[in-house]
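Novice: Sequence plus the predicted model coming up.
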Amino acid sequence: MKSYARILFLTVAGVLFFSFPAAAQYQNLTHSDSSKNTQHVGQVERISPYGKKARSSNGGGFFFGGGLGGGYSTYSSYIQITPIIGYRVTSQFQVGTRLTYMHQWYKDYMNNKYNYDIYGGSLFVRYIFWKSLYAQAEYEVLSVPDYYSADQDASRTINSFFAGLGFMQSMGGRAFMYVSVLYNFLEDQYTPYSNPLVRVGFGVGL
């Protein structure tokens, strides 16, 4: 009887001895797979389009753009290049700066012709108040020729303050175009463009 009891005891002990490593290995594999699944789900959430959309809807990010312009009259004509860089503070509020270069042809009352370079910059703020409509205010400083000076190379600095409304339209992807109608409240005889000022430009957001 003792021999049978001893054999039974050794058999049970052997089964238990070999079962514990197998159970431990199974638990480790299950835990490892669970960790991988959790990590994979986390990565999907971070790169999901919804996450990007939610971040962009809160604002933030730079945008670049600008435009080409020009004008013609009996005594004066010009071409203008205006690159801009801006930042979306929120989905409705934008700030930015505009650089301006203008080349102007001028003809006086004695039919003498002159060429001038006008350059400067401005700061602007925009507030999108309804869908794609926005209000804009802008302060500009330009170096312009002094038309009334005897020195043909004389120049002077003028200040302009614009305010008005605009419309922004998406062109697919991150590209957009805008049209602004602005009024210069500091217009004088040296201002190179007349009221109201209509601007058409293009841009792309980052």
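Specialist: Okay, I see it.
Novice: Do a quick rundown of the helices in this protein.
Specialist: Here the chain has its helices, by DSSP state H, at 2-47, 49-57.
Novice: Strands along this structure, start to end?
Specialist: Here the chain has its strands, by DSSP state E, at 62-72, 76-88, 93-107, 113-130, 133-145, 155-170, 175-184, 197-205.
Novice: could I get these as JSON lines with distance to T191, mean pLDDT and mean neighbour count?
Specialist: Any C-beta I mention is one placed from the backbone N, CA and C, and that applies to glycine too. JSON lines is the format used below for the strands of the chain (distance: least, C-beta to C-beta, whole Å; pLDDT from 0 to 100; neighbours: other C-beta atoms under 10 Å):
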{"stretch": "strand 62-72", "distance to T191": "12", "mean pLDDT": "85", "mean neighbour count": "15"}
{"stretch": "strand 76-88", "distance to T191": "12", "mean pLDDT": "90", "mean neighbour count": "17"}
{"stretch": "strand 93-107", "distance to T191": "12", "mean pLDDT": "91", "mean neighbour count": "17"}
{"stretch": "strand 113-130", "distance to T191": "10", "mean pLDDT": "93", "mean neighbour count": "15"}
{"stretch": "strand 133-145", "distance to T191": "8", "mean pLDDT": "96", "mean neighbour count": "17"}
{"stretch": "strand 155-170", "distance to T191": "6", "mean pLDDT": "94", "mean neighbour count": "16"}
{"stretch": "strand 175-184", "distance to T191": "6", "mean pLDDT": "93", "mean neighbour count": "17"}
{"stretch": "strand 197-205", "distance to T191": "10", "mean pLDDT": "89", "mean neighbour count": "16"}
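Novice: JSON lines for these, including distance to Y190?
Specialist: Below are the strands of the chain laid out as JSON lines (distance: least, C-beta to C-beta, whole Å):
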{"stretch": "strand 62-72", "distance to Y190": "15"}
{"stretch": "strand 76-88", "distance to Y190": "12"}
{"stretch": "strand 93-107", "distance to Y190": "12"}
{"stretch": "strand 113-130", "distance to Y190": "10"}
{"stretch": "strand 133-145", "distance to Y190": "5"}
{"stretch": "strand 155-170", "distance to Y190": "5"}
{"stretch": "strand 175-184", "distance to Y190": "12"}
{"stretch": "strand 197-205", "distance to Y190": "15"}
